[in-house]
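# Structure for the following, please:
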Amino acid sequence: MSKRIAFLGLGVMGAPMAGHLARAGHRVTVYNRTASRAEAWVEQHKAERLDVDLAPTPVEAATGQDAVLTCVGNDDDLAEVVLEGQGVLAAMTEGTLFVDHTTVSPAMARKIAEAAADRGVLALDAPVSGGQAGAESGKLSIMCGGSAQAMNAARPIIESYAARMVHIGEAGAGQATKAVNQICIAGVLGGLSEALRFAQTADLDLEKVLDAISGGAAQSWQMVNRWPTMAKDEFDFGFAIDWMRKDLAIALAEAEAHGQTLPVTAQVDRFYAEVQAMGGGRQDTSALVRHLPKAGA
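Have a look, this model is predicted:
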């Protein structure tokens, strides 16, 4: 069933996600802090004869909508477009739906859920995994926190760009699960980087090594998709180290709040800081390998 939907945030993830909504038959109004990006998105999708429009402010984007979705930068960005005076909640009415796809702290997700509940708005924190490729192909994995009612309302909307949707628990549970996801990725990339450099130092045929180990217990998505590109020093795949460090900071802070240490994650975060210092902050997370010198370098 077609819905009136506002989508705020047209970055490398948000732009294709909003496009999937429009192609699914929804009427999509977009807002982006950089207005030229929203204008280009609308022009592109109107050329496909889709029902799309743009709004100059978050509150105008949210006015009269059945659902409002966000995919912005961080806690502060999300608070600005949702909670402040001209934020979307000011325009949303009882029974409408708010879904956030930004990776933010669980505390921010709970704060928004409480503010939404005061207005009778259903709220779901729903961070995603799958990167730019997953967003473009409509095959993201989405981990959700909020009420069962919010999840049921969101499911037919977000299924247009999701391969997997899992309702984890109450508000904040989706964001906490995203932290788990990033902890796992950090550890895998740390090991993969060392393995690749070892193989290079041992002067092994990297294609044959991948063929040998990718069918066994060492196999991972990162290995299959990033080993060949890491070997060629190709690191332009959408999800930047700058963003990963933002996510890892959330995971480390949340762990500390629960009295837990994450020594491997903390070390990988320090390695990422080294790559940032080398000018690699906008490179893909697989550029972690750059912190390790090549043989003979």
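
# pLDDT value on residue 296, please?
What the model reports as pLDDT for residue 296 is 67.

# tell me what the strand or helix carrying residue 178 is packed against?
Secondary structure assignment for residue 178, by DSSP states H and E: helix 173-201. Judged by 3 or more C-beta pairs under 8 Å, 6 or more residues apart in numbering; DSSP states H and E, helix 173-201 is in contact with helix 106-118, strand 122-125, strand 140-146, strand 162-169, helix 206-213, helix 221-231, helix 241-257, helix 263-277. For the C-beta atoms, the positions are set from N, CA and C on the backbone; glycine is no exception.

# of all the ones you listed, which lies closest to residue 99?
strand 122-125 (4.8 Å; C-beta to C-beta).

# Could you give me the buried positions within the closest one?
Using 16 or more other C-beta atoms under 10 Å as the test for burial, strand 122-125 gives 122, 123, 124, 125.

# Tabulate these (TSV), appending pLDDT.
Formatted as TSV, these follow (pLDDT from 0 to 100):
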residue	pLDDT
122	98
123	98
124	98
125	98
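
# which one of the residues you listed is nearest residue 158?
residue 124 (8.6 Å).

# and the closest residue to that closest one other than its chain neighbours, how far is that from residue 246?
Distance criterion C-beta to C-beta, 6 or more residues apart in numbering; nearest residue to residue 124, sequence neighbours excluded, is residue 146 at 3.9 Å. Distance, residue 146 to residue 246, using C-beta to C-beta, to the nearest Å: 22 Å.

# Of those two, give the one with the bigger neighbour count.
Counting neighbours by other C-beta atoms under 10 Å for residue 146 and for residue 246 shows that residue 146 has the greater number, 30 against 16.

# Who are the contact partners of that one?
Applying C-beta atoms under 8 Å, 6 or more residues apart in numbering, one finds that residue 146 lies in contact with 113, 122, 123, 124, 125, 126, 167, 170, 171, 174.

# How much space separates the second one from residue 58?
Remark: distance between residue 122 and residue 58 (C-beta to C-beta) = 18 Å.

# got the angle for the helix holding residue 178 vs helix 106-118?
150 degrees (axes from the mean of the first three to the mean of the last three C-alpha atoms, to 10 degrees).

# can you give me the angle helix 173-201 makes with helix 221-231?
Per the same axes, to 10 degrees, the angle that helix 173-201 makes with helix 221-231 is 40 degrees.

# Tell me the buried residues in helix 173-201?
173-179, 181-183, 185-186, 188-193, 195-197, 199-200.

# State the mean pLDDT of that helix.
Averaging pLDDT along helix 173-201 gives 98.

# can you check stretch 152-160 too?
Rounded mean pLDDT across stretch 152-160 is 98.

# now what about stretch 42-61, what contacts it?
Residues contacting stretch 42-61 (C-beta under 8 Å, 6+ apart): 6, 8, 19, 22-23, 26-31, 35, 38-39, 41, 68, 81-82, 86-88, 90-91.

# Can you measure across it, start residue to end residue?
End-to-end distance for stretch 42-61, by C-alpha to C-alpha, to the nearest Å: 13 Å.

# One more: stretch 226-237?
Per C-alpha to C-alpha, the first residue of stretch 226-237 is 10 Å away from its last.
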